[in-house]
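1. here is a sequence together with a model predicted from it:
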Amino acid sequence: MDFTFIPTAGEAVLPSLAAAGRPLATLAYSLDRPFPAPRRSLRGGCMVLGGRVRAERGNETARECRRRGIAAAVLGFAPCAGLELLRFCDALLRQNIRPILTEQAWQPGCSGALLLSTAISGGTLEGRLAEALDRCGEVYLDLERLRRVFPLPCRDGQGLPISPGELDRALRAGGTPFFSPELQCKVLIPPGDPVRFILYDDAETLWRKSALAAGLGIRRGFLLMPEEWSREELEEAERELSSRAG
């Protein structure tokens, strides 16, 4: 089994991540301002584009990708007009650059892959991945780290984010976490507090989600916030995936 974790960061940060999870060189840019002058000669991998997608930046983005030897661009994190997005994607495709679109931006006719978050609080992750593959054909994981508390009842189904320190304190307070095969994350019910529960990810759930996706034919996932995962956690997940190969 092979799964590649792709961290996302600026040029100055990427070299420090190079040993974790066999990443591709990945650059983060913003479409809301001019692209920065290159400081390093990083080439290959993917470009991640924040900001509002505008058709007028499509050719410029394609040229930057070609100059860097970049084969794919991840975009659609901010709301954008459908026609603007289609024209932007068309400019990339004319230069053989693969668009990878967030779930909120993806639409039929964009000829792009789908970026799908693994941080879910309902349904099943396997069903969500299978449905995305049927709908879009090509899927990349957004390996978003889940860390949320849910009061009971939780009408919105979203819960509230908690900090790493809050999670650590809850774990030290006791209670036995258990793994949810449906959500592919861990669940903690704080002792003496039966009216809420916590869903969270760690290195074990990272490799479990990656292994589930790899079994469906999805073999790459982005760490859009790499600081959420320590180098040790990434290396542990990578070892687990390698040891369970085949």
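-> Arrived safely. Everything numeric in this text was worked out from a predicted model, so none of it was measured.
2. residue contacts, the spatially most central residue of the chain?
-> The centroid of the chain falls nearest to Asp142 when counting by Cα atoms, centre = their mean (1.7 Å). Contacts for Asp142 were tallied using Cβ atoms under 8 Å, 6 or more residues apart in numbering; they are 102, 115-119, 221-222, 224. All C-beta spots, glycine's among them, are computed from the backbone N, C-alpha and C.
3. ok, now Leu129?
-> Contact analysis of Leu129 by Cβ under 8 Å, 6+ apart lists 116, 139, 212-213, 216, 218.
4. before we move on, back to that, for the residue nearest to the centre of the chain, grab phi and psi.
-> As for Asp142, its main-chain torsions (degrees, to the nearest 10) stand at phi -100, psi 100.
5. quick check: bridge partners of it?
-> Legend: beta-bridge partners of Asp142 under DSSP bridges are Ser117, Phe222.
6. filter the contacts of Leu129 down to the buried ones.
-> Neighbour counting over these (16 or more other Cβ atoms under 10 Å) leaves 116, 139, 212-213, 218 as the buried ones.
7. still on that earlier bit, take the contacts of Leu129 and keep only those in strands.
-> 116, 139 (DSSP state E).
8. could the contacts of Leu129 go into a markdown table alongside distance to Leu27 and pLDDT?
-> A markdown table is the format used below for the contacts of Leu129 (distance: Cβ to Cβ, whole Å; pLDDT from 0 to 100):
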| residue | distance to Leu27 | pLDDT |
| --- | --- | --- |
| Leu116 | 22 | 95 |
| Val139 | 22 | 95 |
| Leu212 | 29 | 94 |
| Ala213 | 24 | 94 |
| Leu216 | 28 | 94 |
| Ile218 | 23 | 93 |
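9. just the closest of the contacts of Leu129 to Leu125, please.
-> Leu212 (6.5 Å; Cβ to Cβ).
10. any weak-confidence spans in this structure?
-> 1-2, 9-25, 38-42, 153-157, 244-246 (pLDDT under 70).
11. would you map the helices across it?
-> For the chain, the helices defined by DSSP state H cover 14-17, 58-68, 82-94, 125-136, 164-172, 203-215, 231-243.
12. now do Glu60 against Asp90, distance only.
-> In this view, Glu60 and Asp90 are 14 Å apart by Cβ to Cβ, to the nearest Å.
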